[in-house]
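**Student:** Here's a sequence, model it:
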Amino acid sequence: MKSRIGRSKEFTAFRSEVPRQKCNVEGKDWTYFQFGPTKMAPLICLHGTSGTAETFFCQVMTLGSKGYHVIAAQWPDYWDHGKWVDGFYKFLATINIKKCHLLGVSLGGFMALHFAGRYPDRVQSLILCNSFVDTRPFHQPSAWSTMLGYMPEFYLKKYILDSFPKGNLPGPHADAVDFVVEQLETLTRKDLGSRLSLNCLPSSVAKYIKSIKEKHPMTILDTVDDVVLPEIMRERLYKAFPNAKQAYIKSGGDFPFLSSHMEVSMHIQVHLRGIEVFPGGVDAKEYAKKSGIEIKEEKAQKKKEAVKKVVKKAVKKVLTEKEKEALRRKKEEELRRKEEEERKAKEEKLKRDAEKRKRREAGNRILAGLVDKSDEDADNLFKDKSKKHQEKEGALFVEDTGDAETGEADPFS
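**Tutor:** Numbering: from 1, shown residues only. Model prediction:
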């Protein structure tokens, strides 16, 4: 019976719309699914030890329908890392891919690092999920690694299945595991043995780390819940690429590209847009016009203009403050001048009043002196005249007891 994902409408639509293609490289068949506009550099998805190209059907359909060029590739049997890198290089050359972005899951991420180290000009960016930088924890005795090519298929499948998560899993996680187990059944003994050989042979990308950090933007995509990959291998990856962007999924298990495929696709889009890779292969400005998204250059330009405005406003404010200070000083000078004029006017008025008062007092004194002298002279003159008159005519008033003619008494006497 097929798994729930295997019989889902989404997987059925994928198989009906996207053809399975094969590319022969030196007698070995690479299987791949390709979707989206081919004029832009593709995102190539590389599976892990137990995966196939079909396990990336969600990313192929989701990102391809949005206008991204996506290729899910499945490699044939390569028994050492150097041969795998050479085979992948020839595969890209055969399908006419000059540059690409790589999404590697587990072993696929480790092989992507090998390829980016050997051919840095062919890789534009990297996305790693549950991946590692060396195979030290997986080392097996050399005899065991040699025997992988002769072991029966059922034993190899059992060896891989024993590493799968056990117990009660959340619905999406259980569905993802069932689908991967279903895909594992399609692999041959050579496929299984070669992948285990790549996992267990001593190998490291330490010599490529410096060049990869300098030349390739990277996003490390991991889940927060428990996974089969040892924690020490995760820590080594983070330590090797401390400047890589980190994207976390709260719950995704060992196969988040299936159980939490929408979040994985979203993080992939964020990664691509961060390096200005937009749907349809359009440039940043054209895509920005269509979607209304601000690109880095426009943001920088707007920021620059905003800074200019702030500086201009600050300069204007400074000039205004200077003008205000000059106006304040001018008003203070006018006020002091006005107060000085008022003070001088008041002093002049007081001076004039004092002079008037002095003149008035002097005049009064003159007048007072003239009046006294005239009164004294008048009195003296009156006295002299009275004396002379009295002497001449006698007393000024003579008592008369009656009328001389009538002989009546004077009524006023």
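**Student:** Please count neighbours and contacts with C-alpha atoms only from this point.
**Tutor:** OK.
**Student:** Show me the shaky parts of the stretch 151-300 of the chain.
**Tutor:** For the stretch 151-300 of the chain, the stretches flagged by pLDDT under 70 are 281-298.
**Student:** Please repeat the previous calculation with a cut-off of 90.
**Tutor:** Residues of the stretch 151-300 of the chain that meet the criterion pLDDT under 90 lie in 151, 159-173, 200-202, 222-234, 248-254, 275-300.
**Student:** and the residue nearest the centre of the chain, what helix or strand is that in?
**Tutor:** By C-alpha atoms, centre = their mean, the chain has its centre lying nearest to Lys299, at 9.8 Å. Under the criterion of DSSP states H and E, Lys299 resides in helix 296-393.
**Student:** And stretch 343-362, how far out from the chain middle?
**Tutor:** The chain centroid and the centroid of stretch 343-362 are separated by 79 Å under C-alpha atoms, centre = their mean, to the nearest Å.
**Student:** any residues touching it, and which ones?
**Tutor:** Applying C-alpha atoms under 8 Å, 6 or more residues apart in numbering, stretch 343-362 has no contact partners.
**Student:** Show the average pLDDT along stretch 118-135.
**Tutor:** Mean pLDDT, stretch 118-135: 94.
**Student:** buried stuff in it?
**Tutor:** Going by neighbour count (16 or more other C-alpha atoms under 10 Å), the buried part of stretch 118-135 is 118, 120, 122-135.
**Student:** is it true that Met245 touches His216?
**Tutor:** I think there's a mix-up here, since residue 245 is Lys and not Met. No. Distance between Lys245 and His216: 11.7 Å, which falls outside the contact criterion (C-alpha atoms under 8 Å).
**Student:** In terms of neighbours, single out the busier of those two.
**Tutor:** Using other C-alpha atoms under 10 Å, the more surrounded residue of Lys245 and His216 is His216, with 18 against 14.
**Student:** residues contacting that one?
**Tutor:** Pro120, Val123, Gln124, Ser125, Leu126.
**Student:** so the last one sits right up against Leu103, yeah?
**Tutor:** Yes. Judged on C-alpha under 8 Å, Leu126 makes contact with Leu103 at a distance of 6.1 Å.
**Student:** Common neighbours of the two, please.
**Tutor:** What both Leu126 and Leu103 touch, as defined by C-alpha under 8 Å, 6+ apart, is the set Ala112.
**Student:** Following the helix or strand hosting Tyr89 in sequence, what is the next regular element?
**Tutor:** Element membership of Tyr89, judged by DSSP H and E, is helix 81-94. Sequence order places strand 100-105 as the next helix or strand after helix 81-94, per DSSP H and E.
**Student:** Next, the angle from that following strand to helix 81-94.
**Tutor:** Orientation of strand 100-105 against helix 81-94 (axes from the mean of the first three to the mean of the last three C-alpha atoms, to 10 degrees) gives an angle of 140 degrees.
**Student:** How about residues contacting strand 100-105?
**Tutor:** Against strand 100-105 from outside (C-alpha under 8 Å, 6+ apart): 41-48, 109-112, 122-131.
**Student:** strands paired with that strand, and their directions?
**Tutor:** Paired strands of strand 100-105, with direction, are strand 43-46 (parallel), strand 123-129 (parallel) (DSSP bridges).
**Student:** Pull the residues that contact the first one.
**Tutor:** Pointing back at strand 43-46 there. Here strand 43-46 makes contact (C-alpha under 8 Å, 6+ apart) with 53, 56, 68-74, 100-105, 108-109, 112.
**Student:** hmm, back to that, how much space between the residue nearest to the centre of the chain and Glu153?
**Tutor:** Relative to Glu153, Lys299 is positioned 57 Å away (C-alpha to C-alpha, to the nearest Å).
**Student:** now whichever strand or helix holds Gln246, how far from the chain's geometric center?
**Tutor:** If you go by DSSP H and E, Gln246 is part of strand 245-249. Its chain's average C-alpha position is 18 Å from that of strand 245-249, according to C-alpha atoms, centre = their mean.
**Student:** Report the next helix or strand after it in sequence order.
**Tutor:** Counting by DSSP H and E, the next helix or strand C-terminal to strand 245-249 is helix 256-259.
**Student:** May I see the buried residues of that following helix?
**Tutor:** Within helix 256-259, judged by 16+ other C-alpha under 10 Å, the buried ones are Pro256, Phe257, Leu258, Ser259.
**Student:** okay if I get these as a markdown table plus distance to Ile275?
**Tutor:** What follows is the buried residues of helix 256-259, written out as a markdown table (distance: C-alpha to C-alpha, whole Å):
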| residue | distance to Ile275 |
| --- | --- |
| Pro256 | 23 |
| Phe257 | 22 |
| Leu258 | 25 |
| Ser259 | 27 |
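**Student:** Out of those residues, which is nearest to His81?
**Tutor:** Closest to His81 out of those is Phe257 (24.5 Å), distances taken as C-alpha to C-alpha.
**Student:** Apart from its neighbours in sequence, what residue is nearest the closest one?
**Tutor:** The shortest distance from Phe257 to any residue other than its chain neighbours is 5.9 Å, reached at Val264 (C-alpha to C-alpha, 6 or more residues apart in numbering).
**Student:** my read is that neighbour is in a helix, agree?
**Tutor:** Yes. Counting by DSSP: H, G, I helix; E, B strand; the rest coil, Val264 is found in a helix.
**Student:** residues contacting it?
**Tutor:** Residues counted as contacts of Val264 (C-alpha under 8 Å, 6+ apart) are Ile249, Pro256, Phe257.
**Student:** and the gap between the second one and Cys129?
**Tutor:** It refers to Pro256. The spacing between Pro256 and Cys129, counted by C-alpha to C-alpha, is 9 Å.
**Student:** Also the last one?
**Tutor:** In this structure, Phe257 and Cys129 are 9 Å apart, going by C-alpha to C-alpha.
**Student:** can you check the first one too?
**Tutor:** In this structure, Ile249 and Cys129 are separated by 11 Å, where distance is defined by C-alpha to C-alpha.
**Student:** Identify the contacts common to the two.
**Tutor:** By C-alpha under 8 Å, 6+ apart, the residues touching both Ile249 and Cys129 are Leu221, Asp222.
**Student:** what's around the residue lying closest to Ile209 once chain neighbours are set aside, how many residues?
**Tutor:** The shortest distance from Ile209 to any non-neighbouring residue, by C-alpha to C-alpha, 6+ apart, is to Ala240 (6.8 Å). The tally of other residues near Ala240 (other C-alpha under 10 Å) stands at 17.
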